[in-house]
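Undergrad: What follows is a predicted structure for the sequence shown.
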Amino acid sequence: MIKFIYQKKTNYFCSITNPIFMRKLLLTISIAFVSALSAQAQSYSFNHFDQTYTELAGATTLNTQSWFYHSFDIPLPFKINVFGDEIKNLSLSNGILYAESKTLANIQYQLFAQTSEILDVGYIFNPGGPSTPSQSPLRYKVEGTVGNRILKIEVLNAANGNEYFEKETKNMRINFQYWFYEANEQIEYRYGSNTITDFDFFFNDYSIPNQLTPNFLVMIAKIQIEEDEDGNEEEIPLKVYSLNGDSQNPVGTLLNDAFENLSTYPQSGRVFQFKNSTLGIDKHAQTGISLYPNPTNDVLNISLDIDANNIPYSIFDVLGKRVLSGTHQSTESPIMVNTLNKGVYFIKVGNYKTVKFIKN
């Protein structure tokens, strides 16, 4: 199984006073395996596009003082579902959103637009000292009419913890927003301008001493909260919808045996869009797709209802495990499936419906 191991957020802020440890307060992921996912499991369909990033105007500010691992509650203006399950609360900490299930015990949802350690530009490491004014506002706003409202949450002008605790500077900054749509359970991660000059250092997770190990994850996770025999809180994923590849053309999948990072940070105006769906039955997907030959021995040709190139695809086995992925270049570029074992598979191309095929 995949296990997320966090220290409790209160311990992050209150009990650690050594800056050597402070810079290492990142998500640690130990990977073994997750039990197989059903091909009909609740999931998301993923899309990405560019739209001008606009800072929230007239928004409610959550903080006046600087923050670093503080948690801020955000009121729910309407019913919000994650993985098809209604949540009862929503909080923002370190740029990550946390929510608890309204009906399921010990179930938490976590939404990651990024996984670096970030902090307020106004933050000064001074244990026991007075707090300092914020230079990185956290804020939210609700727009639209009843039935069609959007909850928008923004992290503005956030600095990087690695840079601050290693170099005592705060030159690299990021801006991003989370949007929740009332009408269709859609979720979007929207990215603004950034001044990242060293991606590997910005997202370094210190998993290997004296070596940069960038760990930039973008995902939505359903987590079961448990306590081990020592009373420490452990977070075990039940579902993880994660992006992988390059941020300009990422692929979104339910993962069951590994986490895959994004290799670059999104440019300003990039939008990652997650629509509630079911793997294999995506009611939001386009339908104009056909495969041939089917069954196939080694080559799979794809015909789409529009002339589109460079569309990401993923192939899943009957257990929901992604076994092959890439980019569909054009109708003249078939997908080679000769390395697959004989059996039934499902292919997801861009935002088209998932289609079954048989490998002989």
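TA: Good, I have the coordinates. Numbers count the residues shown, from 1 in each chain.
Undergrad: The stretch 51-200 of the chain: helices as residue ranges?
TA: Under the criterion DSSP state H, counting those that start in this stretch, the stretch 51-200 of the chain contains helices at 161-167, 199-202.
Undergrad: how close does the nearest residue to P133 once chain neighbours are set aside get to R190?
TA: The shortest distance from P133 to any non-neighbouring residue, by C-beta to C-beta, 6 or more residues apart in numbering, is to G122 (5.4 Å). Where C-beta positions appear, they are placed from N, C-alpha and C, glycine not excepted. Distance from G122 to R190, counting by C-beta to C-beta, to the nearest Å: 24 Å.
Undergrad: sorry, back to before: for S45, find the nearest of the helices of the stretch 51-200 of the chain.
TA: S45 lies closest, by C-beta to C-beta, to one member of the helices of the stretch 51-200 of the chain: helix 199-202, at 27.8 Å.
Undergrad: for that closest one, packing partners?
TA: Counting contacts by 3 or more C-beta pairs under 8 Å, 6 or more residues apart in numbering; DSSP states H and E, helix 199-202 is packed against helix 161-167.
Undergrad: what about stretch 108-126, distance to the chain center?
TA: 14 Å (C-alpha atoms, centre = their mean, to the nearest Å).
Undergrad: End to end on it, go ahead and measure it.
TA: By C-alpha to C-alpha, to the nearest Å, the extent of stretch 108-126 from end to end equals 32 Å.
Undergrad: try stretch 277-293
TA: Note: stretch 277-293 ends 27 Å apart using C-alpha to C-alpha.
Undergrad: What's the mean pLDDT across that stretch?
TA: The predicted model assigns stretch 277-293 a mean pLDDT of 61.
Undergrad: right, and S93 touches H70 too?
TA: Yes - under the criterion of C-beta atoms under 8 Å, S93 makes contact with H70 at 6.8 Å.
Undergrad: Can you pick out the residue with more neighbours from the two?
TA: Neighbour count, other C-beta atoms under 10 Å: between S93 and H70, H70 has more, with 20 against 17.
Undergrad: what's the spacing between the nearest residue to D205 once chain neighbours are set aside and T195?
TA: Nearest non-adjacent residue to D205, counting by C-beta to C-beta, 6+ apart: N215, 4.0 Å away. For N215, the distance to T195 equals 20 Å [C-beta to C-beta].
Undergrad: re earlier: any idea which of the helices of the stretch 51-200 of the chain is most buried?
TA: Mean neighbour count (mean count of other C-beta atoms under 10 Å) peaks for helix 161-167 among the helices of the stretch 51-200 of the chain, with a mean of 20.
Undergrad: Which neighbouring elements make contact with it?
TA: helix 19-22, strand 118-119, helix 199-202.
Undergrad: Select from those the stretch with the lowest mean pLDDT.
TA: helix 19-22 (a mean of 41).
Undergrad: any idea how far the closest residue to A159 other than its chain neighbours lies from F125?
TA: Nearest residue to A159, sequence neighbours excluded (C-beta to C-beta, 6+ apart): K170, at 3.8 Å. Counting by C-beta to C-beta, the separation of K170 from F125 is 12 Å.
Undergrad: Please say which of these two ends up with more neighbours.
TA: K170 (21 against 16).
Undergrad: Surely the more buried one touches Y164?
TA: Yes - the pair K170 / Y164 is scored as a contact, 5.6 Å apart, by C-beta under 8 Å.
Undergrad: Between the two, which contacts overlap?
TA: Here K170 and Y164 have no joint contacts, going by C-beta atoms under 8 Å, 6 or more residues apart in numbering.
Undergrad: Is it correct that V349 is in contact with G288?
TA: No - counting by C-beta under 8 Å, V349 does not reach G288; the two are 10.6 Å apart.
Undergrad: The two: which has the busier surroundings?
TA: V349 (23 against 10).
Undergrad: which residues touch the more buried one?
TA: 289, 302, 304, 311-313, 328, 355 are the contacts of V349 under C-beta under 8 Å, 6+ apart.
Undergrad: Where does the prediction get shaky in the stretch 201-350 of the chain?
TA: Low-confidence regions of the stretch 201-350 of the chain, defined by pLDDT under 70, span residues 255-259, 278-287, 306-309, 319, 331-332.
Undergrad: where do the strands sit along it?
TA: In the stretch 201-350 of the chain, the segments counted as strands under DSSP state E, counting those that start in this stretch are 219-227, 233-244, 251-254, 270-278, 289-292, 299-304, 311-317, 322-328, 335-336, 343-349.
Undergrad: Report the buried residues of stretch 353-360.
TA: 353-355, 357, 359 (16 or more other C-beta atoms under 10 Å).
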